[in-house]
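Colleague: here you go, sequence then predicted model.
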Amino acid sequence: MITRRSFFKAASLSGLGLSILPASVQKMFAGMNTMEKPKTNIEDALKYPRNENSMPGKYPGEVVHVYNKNSVVDNKFDENVIYEMVKSGMLNLTGKTELKDAWLTFVSPKDVIGLKVNPVAGATLSTSLEIVRVIIKQLEESGISRNKLVIWDRREFEMHEVGFNSANFPGVKIIGTERKDDKGSFYDTNGKLYGEDMIDKNWYYWADCEQKYDAETLPYMINEGKYSYYSKILTQQVDKVINIPILKNAGASVTLCLKNLGFGVISNTSRLHKQLWHDTSAEVCAFPPVRDKVVLNIVDGIKGCFDKGPGADPKFFTNYYSVLIGSDPVAVDRIGYDIVIKKRIEENLQKKESATGRMFMDMAEKLKLGVADINKINLKKIEMV
Amino acid sequence: MPQIEASDFEGLKINRTEHYNGNSLWGYIDGGADLYLEYGFTKLAAQEIIYQDRKYIIDIYRMNNAEAAFGIFSVSRFKCSGKAISKYSCLTDFQALFAKGSFYVSVVNEKGSPEEQKFTLEIAEKILSRIKEEDYQLPAPLNEEKHSGNVKLMCGILGVQNGFPDMEEYFTGLKDFRCFFAQHSEKGNDIITGLIRFASKADADEFTERENKRIKTLPGNVKVNIKEAGGTGLYYSEIISGKQ
C-alpha cells in the first residue's frame, strides 16, 4: 500500500455530517428526503465525575495567539523563533514569569506525557518536527525526562514517514495505534492485527451506524461494527496529553484540537465521518480518557492549509505564522476557526462564515468541554514581528 | 487503467504503483474518501515516481462516469494558470489536474520549481494521451461560453461543502441531489447560475418554498429566480446588482 508515504495526499475533506443539525433545522426539512442522525452513547460519558484536569482545564476560555513572520522563511522553519513563540505563549497563558513554572502548571516529572501529533496529510502538512522538538526541549528544561515522553498518533508508519522516528527524537517513545511489523505486515504470525492489541475494549464510543470494510481497509480501522475503541496509548500508557494539531481546514470548518482527538484516539472511524463528523469530534472528547488527560493544546499554525484539508494539496498551503496555546480545546479551535475562515473568504472560497462549520464546537461547549462563544473567549494576541 | 510506465521517460523510476477500489480508498485518504465515494468512485491507480531526483505523485481516478469525473475536477481546481491541456484541465505550480471521460487525474510535484512544473505537465499529457474517452458535455445553460472554467458540479452535501460552501445551508438535509453552479460577473453584477436535479418533485417544491422565504429577507440588490427545468429539475439564478 502506498498510504501515507506520499508526500502529498489526495486532497479532499472528511464528511461534515449533516445529521447533527439542531432540531429546529431538522424540522425545516420535515417531509423531505433527509438522513436521520444515529444515536450514540454520549450519555455514558456524562456519568463520570469530573476532576481538576478535566477539560477545559486550568484556563477556560483563554487562548494565546502568538504570531511571528520569521517563524518560516522560504518554507524553512526557524526552530529558535518557534521556541520563543511557544515560550511567549506559555508565559502569557499561565501568567508565570519562569518558563519552567509555566510548564509545570500542566505536567509534572512523574507524569508520562503523550504528545498527540497529526501527520495524516504527509510530510508537507504535518505537525512539524520543529514545534515538537521545541516542546520537548522546554519540557526537558522544566525537569521532565525525555524517557517520560511519548509521541503518538493512530498510524505509526505515518509518523515514521514524516520524520517522527528515533533518529530525530532519540530517547522518546514513538508509537501508533495502527501498526505494521518490520516486513510491512499489519498481521502477526497468527493472523491477528497488531492494532487489536492496541485498543482498549473497556473504553468505547458507540454509535448506531456501521460500515463493512474490505481486507485492505480493515487494518486502518482495526474493527468493524458499532463500537469505536479508545487507544491503549491513551487509556493505559500516558498520564497526561499535550495535543499538537496543525492548522487546517475541513471544508468550511476546521480540523484542529477536537478533531485531532475525536478521530485520532479511537478505532473504526470511517463509519463516523459522513453522519457524525461533528458529534464524534465533540463527544469522543467527553469521555474521561480524553477529557481528563488532555491538559494543554498547542496548535502548530506556522504553516497550514485553507482548502482541501485535511489532505494536503500544495496550492492551498499557506503560512499562518502562528502558534495557538490554551488548555481549553474548544476556545482554541474557535480562534483557529476564525483564522482559517478569514483566509478562505479572502481567497473567495466562501463569502461568509456559517454556523454549520462551528457545530462541533457548540456541541463541545454543551458538553462542558470549553468555550465556543467568541464573545466569551479571552484572546491574547502577541505579534512578535 | 492508464498509468505511467518506467519506459515512458528515460531515467524514470517508479517507486510504487498501487490500486484501490471501493472503500479501500479509506486506506489511502483517510478522512477524504467520502467525497470521492459521493461522486461515484470505481478505481484509483496511485503512483509515486522519481525523475531526476525529484518526486511526483500521480493519482488516476476512474469514476463511475464522465459526469462524476468532471464533478470531482470542478471542485478541485483553483487559480488555474498556464495552458489548457484538455477541455477540463487546471495547471498550477505544484499540480496538473484534468478530467477526461470517466477519469480524473492529479499529478503533484514537491516544490513547484520550473523543472518540476515542466515534467508535471509532461506526465499529465502522457496519461491524457492514453485516455480515449470523450469529454463530458455540460448541460444547458451551463455550457455557455461565459461559464467556461467556472462551473461546479456537486453530487451531494460533501461536494457542496467543498465546491460551493455558501450554498450549504440550502441543501443540508437533502440527499440524492445533483447541482451545477457557476458564478460570473456581467455589467458590474455578480451572477450565480444553477441547475439542480432533485430526487423527487416534493424535494424540488420544498426547496423552492424554502428559498422563497429566504428571498424575502435578502437586500434589494439581490434578485433570485427559480423556475422549473422539467421533471424534478430547477433552474436557479441569483443576481447581485453592483458591488455589495
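Modeller: Perfect, I can see it now.
Colleague: so the nearest residue to B:Ala199 once chain neighbours are set aside, which state does it fall into?
Modeller: Distances taken as Cβ to Cβ, 6 or more residues apart in numbering or on different chains place B:Asp176 nearest to B:Ala199, at 3.7 Å, with adjacent residues excluded. All C-beta spots, glycine's among them, are computed from the backbone N, C-alpha and C. For B:Asp176, the secondary structure call by DSSP: H, G, I helix; E, B strand; the rest coil comes out as coil.
Colleague: what does the pLDDT read for B:Asp176?
Modeller: Note for B:Asp176: predicted pLDDT of 84.
Colleague: can you check A:Phe77 too?
Modeller: On the pLDDT scale, A:Phe77 gets 96.
Colleague: now swap in A:Lys27 and tell me
Modeller: For A:Lys27, pLDDT reads 33.
Colleague: same thing with A:Asn260?
Modeller: pLDDT, A:Asn260: 97.
Colleague: next up, the contacts around it.
Modeller: A:Lys116, A:Asn118, A:Asn243, A:Pro245 (Cβ atoms under 8 Å, 6 or more residues apart in numbering or on different chains).
Colleague: between these, which is closest to chain B?
Modeller: Nearest to chain B, judged by Cβ to the nearest Cβ, of the contacts of A:Asn260 is A:Asn118 at 10.7 Å.
Colleague: surely that closest one meets A:Ser126?
Modeller: Yes. Shown here, A:Asn118 and A:Ser126 form a contact pair, counting by Cβ atoms under 8 Å, at 6.7 Å.
Colleague: overlap in contacts, the two.
Modeller: A:Ile246.
Colleague: just name the shakiest helix or strand of chain B by mean pLDDT.
Modeller: helix B:25-28 (a mean of 72; mean pLDDT, DSSP states H and E).
Colleague: and chain A, is the following helix or strand past that helix touching that?
Modeller: Using DSSP states H and E, the helix or strand that directly follows helix B:25-28 along the chain is helix B:33-39. Yes. Remark: helix B:33-39 sits within contact range of chain A at B:Ala33, B:Asp34, B:Leu35, B:Tyr36, by Cβ under 8 Å from any Cβ of the partner chain.
Colleague: surely the last one touches B:Ser24?
Modeller: No. In this structure, B:Tyr36 sits apart from B:Ser24 without contact. The criterion is Cβ under 8 Å, and the distance is 11.5 Å.
Colleague: and B:Thr232, what's its pLDDT?
Modeller: Per the predicted model, pLDDT is 88 at B:Thr232.
Colleague: not counting its neighbours along the chain, what's nearest it?
Modeller: B:Phe198 (4.5 Å).
Colleague: neighbours of the one you found, how many?
Modeller: B:Phe198 is flanked by 24 other residues according to other Cβ atoms under 10 Å in any protein chain shown.
Colleague: over to B:Glu67?
Modeller: B:Glu67 has 20 neighbouring residues, counting by other Cβ under 10 Å.
Colleague: distance check, it against chain A.
Modeller: 18 Å (Cβ to the nearest Cβ, to the nearest Å).
Colleague: on the three-state scheme, residue 107 is what?
Modeller: Picked chain A for this. Per three-state DSSP, A:Val107 ends up coil.
Colleague: look at chain B instead
Modeller: Of the three states, B:Val107 takes strand according to three-state DSSP.
Colleague: so A:Val72 is in contact with A:Asp78, correct?
Modeller: Yes. Applying Cβ under 8 Å as the test, A:Val72 and A:Asp78 come out as touching, 6.9 Å apart.
Colleague: pipe the residues of helix B:33-39 next to chain A into a markdown table and attach distance to A:Arg179, neighbour count and pLDDT per row.
Modeller: What follows is the residues of helix B:33-39 next to chain A, written out as a markdown table (distance: Cβ to Cβ, whole Å; neighbours: other Cβ atoms under 10 Å in any protein chain shown; pLDDT from 0 to 100):
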| residue | distance to A:Arg179 | neighbour count | pLDDT |
| --- | --- | --- | --- |
| B:Ala33 | 21 | 26 | 79 |
| B:Asp34 | 25 | 24 | 80 |
| B:Leu35 | 28 | 32 | 86 |
| B:Tyr36 | 27 | 23 | 89 |
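Colleague: from the centroid of the chain, which residue is nearest?
Modeller: You didn't say which chain, so I picked chain A. Geometric centre of chain A, nearest residue: A:Asn260, 1.9 Å, by Cα atoms, centre = their mean.
Colleague: wrong one, chain B
Modeller: For chain B, the residue nearest the mean C-alpha position is B:Ser74 (2.1 Å; Cα atoms, centre = their mean).
Colleague: need the phi and psi values for it.
Modeller: B:Ser74 adopts backbone torsions of phi -70, psi -30, taken as degrees, to the nearest 10.
Colleague: skipping adjacent residues, who's closest to it in space?
Modeller: Per Cβ to Cβ, 6+ apart, closest to B:Ser74 is B:Lys152, 4.5 Å.
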